[in-house]
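**Q** Next one to model:
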Amino acid sequence: MTDKDQTTQNNDQPETDLNKLEEELNQTKQKLDEMTAISQRALADLQNFKRRTEEEKANFITFANIALLQELLPAIDNMHRTLEHETKDQEWIAGAEQTMKQTLQILGKIGLSTVPTLNETFDPTKHEALLTGPGEKDKIIEELEKGYTLNDKVIKMARVKVGNGEQETEKK
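**A** Residues are numbered from 1 along each chain as shown. Modelled structure (predicted):
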């Protein structure tokens, strides 16, 4: 072997080592990119899991509240009926009215509200028409029993009397 051949062989050696290093670097970059993508997907999955868990927790609380309120609503309806009757004991009436007001305020804090009725347009998703009578067509003319929503979800429909489009005739 000549000196020239040996020099050429020695010059090829660093180039081969450099090529190997570049190839290893490219493979390492590719693995890093894959691992980065995997970690980003895992992080996104974790965030989605946390969001779904919070939504499920909120739904559970709402459904638990609905069950409780549906048990309480008949008692509240009876209290409304009691307050509608006339009595001479004004102190009792004032106390009962205050108790009813306080109860509804407490329930309002968790999202309970009454369904609007009088002079509203009849909405079959919120109102149950029990009677019809003279009055503007499809307008509620009397509330027979209150309806309630919990955070805008109807949990008890209002029972109402709806106008049938006929005019009231005067009674003589």
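
**Q** Give me the buried stretch members for stretch 121-137, please.
**A** 122-123, 126-127, 129, 132, 135 (16 or more other Cβ atoms under 10 Å). Where C-beta positions appear, they are placed from N, C-alpha and C, glycine not excepted.

**Q** I misspoke; the intended subject was stretch 158-170.
**A** Result for stretch 158-170 [16+ other Cβ under 10 Å]: buried residues 158-163.

**Q** Residues contacting stretch 109-129, please?
**A** Applying Cβ atoms under 8 Å, 6 or more residues apart in numbering, the contact partners of stretch 109-129 are 65, 69, 104, 138-143, 146-151, 154, 157-162.

**Q** Which members of the residues you listed are positioned in strands?
**A** Where the contacts of stretch 109-129 overlap with strands, as defined by DSSP state E, the overlap consists of 140-143, 148-150, 154, 158-162.

**Q** Of these, which one scores lowest on pLDDT?
**A** For the ones in strands among the contacts of stretch 109-129, the least confident position by pLDDT is residue 150, scoring 89.

**Q** I'd like the distance between that one and residue 104.
**A** Taken as Cβ to Cβ, to the nearest Å, the spacing of residue 150 relative to residue 104 amounts to 13 Å.

**Q** So if I had to pick from the two, which one is more boxed in?
**A** Between residue 150 and residue 104, residue 150 has the larger neighbour count (other Cβ atoms under 10 Å), namely 20 against 16.
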